[in-house]
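[1] sequence first, predicted model second:
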Amino acid sequence: MQKSLRQDLSIRIGLVILIISIIIGIAFYFFSINLSEKEFNKYIEHRTENIANTFTLQLWLFDLNTTRELCKLILDEPGVSGLQLLDHRKETIFDQRTEKSKLSTRISRELRYEGEKLVGYVDIYFSNTSWIRQRHNILTIMILLILGTMLGSFLFINILLKKHLSKPLKDLQENMYSLSKGDFHRSDLVGEKTEIQDIINTFNSLILSLQQRDEEILKKTDALTTEMSERKKMENELFQAHKMEAVGTLAGGIAHDFNNILAVILGYAEIIKDDLDDGTHTKKDIDRILIAANRAKELVKQILTFSRKGQETNEPLQPTPVIEEALKLIHASMPTTIEIQEKIDQNCGTILANQTHLHQILVNLCTNALHAMEDEKGVLTVELNKVYLKNYDIRLGVDVSEGEFVELNVGDTGCGMNTKTIEHIFDPFFTTKDVGKGTGMGLAMVHGIVQACGGFIKVNSEPDKGSMFQVYFPIIDKIIVKEEKEQNGIIKSNNERILIVDDEEVIGNMYRIALERLGYSIIVHHNSQKALEVFMNSPDHFDLIITDQTMPHLSGSDLAKKILQIRQEIPIILCTGYSTMISEEKAKEIGIAKFVIKPVNIKELALTVQELLA
């Protein structure tokens, strides 16, 4: 029986489509299985890495309670069927598995902090249920794909063949040609113009939607880039704040040792000077030693100021008169080629600061501005204003709340600075000047002073565009007026008895020599514990106590507490070069009569003793 063309073509094309569909289906199956398996393994690896990192940090911190809670949370995840966590001694911290864990994929990891320190072991059981279900779904999709392809192909072939092939192909060719030309109204197919137009409209709507989403993505990308830049900036500021705090602590410790050395040099130099006749070469040499030692003393003060450990007291003051007085000095010292522009608010508020330090801040900033301007030509700008800052205006790492601030701006039209230089300008001894033209302590000292006043500094600068330093001081409410006492000259003593306690033998003996010359009866002890025993045996034998702060056995403040418990009215002088444990305020609370900063000037010490024994 002769087959019709439609039947013959349908069978032949159907067989070809069947074979092709089976091949494609099998290829799809293995490709999907392989892809799914890779995704599953990738998920396991990524999740294992996250869990391992989490447990590594927790075990390093030895926070077992939090660690066990994290284990429970992880075990509640649908993809995890079991979890075993051991410490570095392989002792069990957490071990719990479900029935599904027997058919699960087990992943074991050693937990090493920063890749070196072994802190524990973890075994994670990932359930294969989702993977098996996914494999079944892929097989089902493959079968449906083959059947759907076959059924659709047969139906499509029969429809085309039923209409003889030629006319539909010709109509299709004409429609495709019209579509390629963009003319959707020239088609002769009945009922197809509207459908094609609807498809085009839908496509255009889709394009518009995609364009809108693309614009949204670009906006969000820009916002994310800005956020990342701001975050990086905040991280750098926080790192800088931590670095400055660490360097400040180190500087304070070094200053303590320097003060003890300078105390010996200054003290014995003054004693030797008193023994020499006026006009001798030796006395002049001693004067030079004193000048050099006092310079070193001022350098130590700068180091302590940078480290915020200096004992200078801040008090409420109006910054305007101080700034105007400093500007007079700056006008007199600046070359005439530098134009100075001033804008000073006469009622900008009251701040808590030290008048000398505020003067130093402006002079140092203006000096740096002068050095930044080539050939000593340019414009120096000094502004003093009252501003209100929000929290987002305040630098990260600064313990300051939003509110009213006095803003001191010092700008120049000099060479400017790059970002790398700005990161280090407040480091002690960092300088961009030539050798011999700067110590690198100016801005470090400014930074320490401003922080001691509760303020902060912002720097804006670009190469060849000048620099602007913005210094902010919190505004306070009122002014406290302090009374100053006049010092009288040194007079001979009435043989009062003084106990000196200092673990540095040379310093204790120096105090003894200087005070014995004034007629005092001196006993020196270099062990604070033994000094306390001597006082306990004869508490009424002494009229005054002079003690160092930093000593083994008993610190100066602890010794003072014990002495005052025995004899409350005895005056005590506490000497310190640097200490984080005691301040002038704390010393007064204890009952200490005088708080003296090393290196101690012999005359000042004598006057202090005379005042307390008067």
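    Sure thing, it's come through.

[2] phi, psi for residue 380 please.
    phi -110, psi 120 (degrees, to the nearest 10).

[3] which ones are touching it?
    Residue 380 is in contact with 334, 338, 339, 340, 341, 366, 369, 370, 373, 410, 411, 412, counting by C-beta atoms under 8 Å, 6 or more residues apart in numbering. In this view, the C-beta of every residue, glycine as well, is placed from N, C-alpha and C.

[4] now the closest residue in space to residue 561 that isn't next to it in sequence: how far from residue 122?
    Closest residue to residue 561 apart from its sequence neighbours, by C-beta to C-beta, 6 or more residues apart in numbering: residue 590 at 5.9 Å. Distance of residue 590 to residue 122, given as C-beta to C-beta, to the nearest Å: 54 Å.

[5] the more surrounded of those two?
    Neighbour count, other C-beta atoms under 10 Å: between residue 590 and residue 122, residue 122 has more, with 24 against 14.

[6] that one is in contact with residue 111, isn't it?
    Yes: if you go by C-beta atoms under 8 Å, residue 122 and residue 111 touch, sitting 6.1 Å apart.

[7] which among the contacts of residue 380 end up buried?
    Burial of those was assessed by neighbour count (16 or more other C-beta atoms under 10 Å); the buried members are 334, 338, 366, 369, 370, 373, 410, 411, 412.

[8] hmm, which two among the residues you listed are most spread apart?
    Of all pairs drawn from those, the greatest distance, 14.4 Å, lies between 334 and 411 (C-beta to C-beta).

[9] run through the bridge partners of the nearest residue to residue 516 once chain neighbours are set aside.
    Taking C-beta to C-beta, 6+ apart, and ignoring the residues beside it in sequence, residue 516 has residue 522 as its nearest neighbour in space, at 5.4 Å. With DSSP bridges as the criterion, residue 522 is bridged to residue 498.

[10] which ones are touching the residue nearest to residue 561?
    557, 560, 561, 564.

[11] same deal with residue 410?
    With C-beta under 8 Å, 6+ apart, residue 410 has these contacts: 362, 365, 366, 369, 380, 381, 382, 468, 469, 471.

[12] could I get the phi/psi values of it?
    The phi and psi torsions at residue 410 (degrees, to the nearest 10) take the values phi -130, psi 110.

[13] quick check: closest non-adjacent residue to it.
    Nearest to residue 410 is residue 365, by C-beta to C-beta, 6+ apart, at 4.1 Å.

[14] so how far is residue 426 from that neighbour?
    12 Å.

[15] which parts of the stretch 51-200 of the chain are strands?
    Ranges of strands in the stretch 51-200 of the chain, per DSSP state E, counting those that start in this stretch, are 80-87, 92-97, 105-113, 117-126.

[16] the bottom helix or strand of the chain by mean pLDDT?
    Sorting the helices and strands of the chain by mean pLDDT, DSSP states H and E puts helix 166-181 at the bottom, at a mean of 48.

[17] most neighbours, which of the contacts of residue 410?
    For these, neighbours were counted using other C-beta under 10 Å, and residue 369 has the most, 27 neighbours in all.

[18] distance of residue 391 from residue 234?
    13 Å.

[19] same question for stretch 516-528, mean pLDDT?
    Across stretch 516-528, pLDDT averages out at 92.

[20] can you check stretch 234-248 too?
    66.

[21] again, but for stretch 543-554
    What stretch 543-554 shows for mean pLDDT is 91.

[22] how far does that stretch stretch from one end to the other?
    Stretch 543-554 has its terminal residues 21 Å apart, counting by C-alpha to C-alpha, to the nearest Å.

[23] low-confidence ranges, the stretch 1-150 of the chain, go.
    Scanning the stretch 1-150 of the chain for pLDDT under 70 picks out 1-9, 99-103, 131.

[24] pLDDT score for the residue nearest to residue 588 when sequence neighbours are not counted?
    The shortest distance from residue 588 to any non-neighbouring residue, by C-beta to C-beta, 6+ apart, is to residue 595 (7.4 Å). Looking at residue 595, its pLDDT reads 92.

[25] do residue 301 as well
    Note on residue 301: pLDDT of 67.

[26] cool, and the one 10 residues further on?
    On pLDDT, residue 311 comes in at 49.

[27] what of residue 224?
    Here the pLDDT value assigned to residue 224 is 84.

[28] okay, it and residue 415: tell me how far apart.
    According to C-beta to C-beta, residue 224 and residue 415 sit 35 Å apart.

[29] more neighbours: which of those two?
    The residue with more neighbours, out of residue 224 and residue 415, is residue 415; 17 against 10, by other C-beta under 10 Å.

[30] tell me the secondary structure for that one?
    Following DSSP: H, G, I helix; E, B strand; the rest coil, we place residue 415 in the coil state.

[31] got a list of what it touches?
    Applying C-beta under 8 Å, 6+ apart, the residues contacting residue 415 are 372, 373, 374, 463, 464.

[32] would CSV of those residues with secondary structure, pLDDT and distance to residue 444 be doable?
    Formatted as CSV, the contacts of residue 415 follow (DSSP: H, G, I helix; E, B strand; the rest coil; pLDDT from 0 to 100; distance: C-beta to C-beta, whole Å):
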residue, secondary structure, pLDDT, distance to residue 444
372, helix, 85, 17
373, coil, 84, 22
374, helix, 71, 24
463, coil, 90, 22
464, coil, 87, 25
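
[33] distance to residue 355 added to those, as CSV?
    Formatted as CSV, the contacts of residue 415 follow (distance: C-beta to C-beta, whole Å):
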residue, distance to residue 355
372, 27
373, 28
374, 33
463, 36
464, 36
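
[34] all strands of the stretch 301-450 of the chain, in order?
    315-317, 338-344, 350-353, 378-389, 403-412.

[35] out of these, flag the one nearest residue 573.
    strand 315-317 (23.3 Å).

[36] so what's the gap between that closest one and the chain middle?
    Taking C-alpha atoms, centre = their mean, to the nearest Å, one finds strand 315-317 lying 30 Å from the centre of the chain it belongs to.

[37] and stretch 125-140, by the same measure?
    Mean-position distance between stretch 125-140 and its chain equals 48 Å (C-alpha atoms, centre = their mean).

[38] poorly predicted segments of the stretch 151-300 of the chain, please.
    Along the stretch 151-300 of the chain, the parts satisfying pLDDT under 70 run over 160-211, 214, 236-238, 240-253, 255-256, 295, 298-299.

[39] that one: helices as residue ranges?
    166-181, 192-275, 281-306 (DSSP state H, counting those that start in this stretch).

[40] roughly how far apart are residue 24 and residue 98?
    In this view, residue 24 and residue 98 are 39 Å apart by C-beta to C-beta.

[41] kindly report the same for residue 473.
    63 Å.

[42] neighbour count for the two, which is higher?
    Using other C-beta under 10 Å, the more surrounded residue of residue 473 and residue 98 is residue 473, with 24 against 14.

[43] the more buried one: what's it in contact with?
    Counting by C-beta under 8 Å, 6+ apart, residue 473 touches 319, 351, 352, 353, 405, 406, 408, 450, 453, 454, 455.

[44] kindly recompute the last result at 10 Å.
    With contact set as C-beta atoms under 10 Å, 6 or more residues apart in numbering, residue 473 has these partners: 319, 348-353, 358, 361, 400, 405-408, 450, 453-456.

[45] what's next to the helix or strand harbouring residue 562, contact-wise?
    Taking DSSP states H and E as the criterion, residue 562 maps to helix 556-566. Identification of contacts with helix 556-566 by C-beta under 10 Å, 6+ apart yields 499, 501-503, 528-529, 531-532, 535-536, 539, 542, 545-551, 553-555, 570, 572-576, 579, 581-582, 586-587, 590-593.

[46] repeat the analysis, applying 8 Å as the threshold.
    Residues from elsewhere that reach helix 556-566, judged by C-beta under 8 Å, 6+ apart: 501, 528, 531-532, 535-536, 539, 545, 547-551, 554, 570, 572, 574-576, 581-582, 586-587, 590-592.
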